[in-house]
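how would this look folded up:
(chains A and B)
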Amino acid sequence: AQKITQTQPGMFVQEKEAVTLDCTYDTSDPSYGLFWYKQPSSGEMIFLIYQGSYDQQNATEGRYSLNFQKARKSANLVISASQLGDSAMYFCAMREWGNNRLAFGKGNQVVVIP
Amino acid sequence: DSGVTQTPKHLITATGQRVTLRCSPRSGDLSVYWYQQSLDQGLQFLIQYYNGEERAKGNILERFSAQQFPDLHSELNLSSLELGDSALYFCASSIPDSGNDLNEQFFGPGTRLTVL
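Numbering: from 1, shown residues only, chains lettered A, B, ... in the order given. Sure thing, here's the model as predicted:
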């Protein structure tokens, strides 16, 4: 069963604007972690941000923030002040307690235009 | 640079052949994970090793095997290769796994395997 859902089509974003990437997840485990990774065209997977299921506050890392809505099981990534270098695929992933693997969504393609 | 290294970066081989992909985790990381990224299946977990022992298994084919050595580097062996095995293979590592932690995994640059 699909545990991570990313359904947005490819997005074009104007440089310096903010963009929100949607991610919903499915789990019955009360303990889990949510991750976002960036994959530029060069192929590497770059860790961006992490949110634990018991964290009281939304995670932030520089221009990245996570809009965590636990009751709705969503963990949307917000990129503020987009830069040309933000053009990439973005993957949402989840790791459940007792299950060491990361389950990934299909990804969101973002293209930042000047 | 995540600190995880993978070799080779690219690998081109023929059907029926066998290849070995190598991964060195970040210094101090005891857990190593292997993932496969293909166009049709997306990113899939294959297998995890922790301090030399297999910890978890995912969608890994019987033709594939892995091991982690005493120096903590890991190798993924793919045999009897098929066209469908063409993919990007990632290795990831995480800080010492006390059992069931939720720490982030840092990915290597990947090995792109092309089977002709």
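
Apart from its chain neighbours, what residue comes closest to the spatially most central residue of chain B?
With distances taken as CA atoms, centre = their mean, chain B has residue B:34 as the residue nearest its mean C-alpha position (2.9 Å). Distance criterion CB to CB, 6 or more residues apart in numbering or on different chains; nearest residue to residue B:34, sequence neighbours excluded, is residue B:46 at 4.2 Å. The C-beta positions use only the backbone N, C-alpha and C, and glycine is treated the same way.

and chain B, which residues reach chain A?
B:2, B:31, B:33, B:35, B:42-45, B:48, B:55-56, B:58, B:88, B:90, B:92, B:97, B:100, B:102-110, B:112 (CB under 8 Å from any CB of the partner chain).

so of the residues you listed, which ones are in helices?
Assigned to helices by DSSP state H, none of the residues of chain B next to chain A qualify.

So what are the sheet partners of whatever helix or strand residue B:75 lives in and their directions?
Assigned by DSSP states H and E, residue B:75 belongs to strand B:74-78. Strand B:74-78 has these partner strands in its sheet, going by DSSP bridges: strand B:19-24 (antiparallel), strand B:64-68 (antiparallel).

Next, the buried residues of it.
Residues B:74, B:75, B:76, B:78 are the ones in strand B:74-78 that count as buried (16 or more other CB atoms under 10 Å in any protein chain shown).

just how off-centre is it within its chain?
Relative to its parent chain, strand B:74-78 has a centroid offset of 7 Å by CA atoms, centre = their mean, to the nearest Å.

Residues contacting that strand, please?
B:18-23, B:25, B:32, B:34, B:46-47, B:49, B:63-69, B:85, B:89, B:91, B:113 (CB atoms under 8 Å, 6 or more residues apart in numbering or on different chains).

what about the residue nearest to the centre of chain B, distance to residue B:27?
Look at residue B:34 and residue B:27: by CB to CB, to the nearest Å, they are 19 Å apart.
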